[in-house]
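>>> need a 3D model of the sequence below.
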Amino acid sequence: MEALGSDDPDLDVEVIALAAGFYAELGLVGVDLSLGSMGCSTDRRAYVSALREHLAERREMLCDEHRERFELNPLRVLDCKRSQCVAVTADAPTISDFLDEPCATHLARVREGLDALGIAHRLDSRLVRGLDYYTRTTFEFSAVALDAAQNAVGGGGRYDKLSEAIGGPPTPGIGFGIGIERLLLACDAEGCFNAAPSAPDVFVVDTTGGAVARDLSAELRGAGLTALRAYDDRSIRAQLKLADRSRASYAAIVGPREIEDQTVTVRSLREGKQTTVRREELAEWLRRELLD
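Just a heads-up that it's a prediction; the model follows:
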C-alpha cells in the first residue's frame, strides 16, 4: 500500500491505521506496533557518524559479517539479530537524540494521532532503514504468536527521497508491505480461521470419460457456483462416494442418456431426491435451489 504526494504526518497515521485495521479485521489480537523515525538528511548524517564511531570502538565485538562491513552502512548493524551485534548496540547512540525540530515535531504528531485513534505502539529507536531515501516515520508490526526472530508480519515507512533517487521529481510518500506467509502463520497460531470449510455447491459425476465433467464444472464455476469433480475415470459408485464425502449439496450426474438428451440428472445429497434438468438451465436451477 502506498500514498504519494504529501508529507503530512496525519497521512502517516492514516496509513498505519489502515494496516492495524487490516490485522484486526482478520481477528488477530497479538500484534504489536513499533514506531521510529529516520530523521532527515542533516540529522541522520550526524547520527550515522556517531553510530559509526561507537561501532568502530567496539569493532572486535561485532559479528563476523559486520566487523568488516559496518563502516559502509552502520544502520544495518541495528537490524542484526546476532547476539554480538545486539550487545554492542544496546548502549549505542539513538537517532531520537539527533532529530532536528521539524522531524521531532513530525514524530510527535504521528504519536499523537495514533494515541487519538487508540492504536497502541511503542517507540523503537532501533527501527531504522538502511537506504538513504527513507525519511522520518518507520513502523513495523510483529506477531506475538510467532518466534521472535521471525515475527514481523508487516511494516513500512516514509520514503520522501525515493522519487528523486530514481530520477523523478520530488514526491513524498509513505507505504507498507505485508508478509503473507508469516501473516497466515500468525492467523493459524491464533485460530483466526477455525471455521469449518464451506461445502461445494455441486459435485459433477461423469460416466462418459471425464470430458463432460471438465466442461460442465467449468460452466458452473463460470456461473459463480463451487463445483468439484472426480478424476482417473472412476466408477459412478466411486464418484458418488466422493460426492458424499465432499459435503456438496447436489450431485450433477451425466451419462450417455443425459448427453443425448442434453440434460443432467441432479441428486440432492442431503435428501436423496433427484430430478432431471436441462443442461443450459442447470446453473440457474442450482442457484435457485441453493437459496431456498
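>>> any regions of the protein where pLDDT drops low?
Across the chain, the ranges flagged by pLDDT under 70 are 130, 195-197.
>>> all helices for it, in order.
9-26, 41-56, 64-69, 75-79, 83-89, 101-116, 162-165, 180-190, 211-222, 236-246, 256-261, 282-291 (DSSP state H).
>>> which helices and strands sit right next to the longest one?
Helices and strands touching helix 9-26, as assessed by 3 or more Cβ pairs under 8 Å, 6 or more residues apart in numbering; DSSP states H and E, comprise strand 2-4, strand 31-37, helix 101-116, strand 137-143, strand 152-158, strand 173-178. The C-beta positions use only the backbone N, C-alpha and C, and glycine is treated the same way.
>>> and that helix, what's buried?
9, 11-13, 15-16, 19-20, 22-23 (16 or more other Cβ atoms under 10 Å).
>>> now swap in stretch 239-246 and tell me
239-240, 242-243, 246.
>>> now swap in stretch 149-156 and tell me
Buried, per 16+ other Cβ under 10 Å, within stretch 149-156: 151-156.
>>> now for the residue nearest the centre of the chain: which residues touch it?
In the chain, the centroid-proximal residue (Cα atoms, centre = their mean) is residue 180; its distance is 3.5 Å. By Cβ atoms under 8 Å, 6 or more residues apart in numbering, residue 180 lies in contact with nothing.
>>> any idea how far the residue nearest to residue 175 when sequence neighbours are not counted lies from residue 24?
The shortest distance from residue 175 to any non-neighbouring residue, by Cβ to Cβ, 6 or more residues apart in numbering, is to residue 2 (3.6 Å). Separation of residue 2 from residue 24 (Cβ to Cβ, to the nearest Å) stands at 21 Å.
>>> next: residue 229.
Using Cβ to Cβ, residue 229 is found at 38 Å from residue 24.
>>> ok, now residue 205?
Shown here: residue 205 relative to residue 24, a distance of 43 Å by Cβ to Cβ.
>>> export the helices and strands packed on helix 9-26 to TSV and tack on distance to residue 251?
Output for the helices and strands packed on helix 9-26, formatted as TSV (distance: least, Cβ to Cβ, whole Å):
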stretch	distance to residue 251
strand 2-4	48
strand 31-37	43
helix 101-116	54
strand 137-143	42
strand 152-158	41
strand 173-178	40
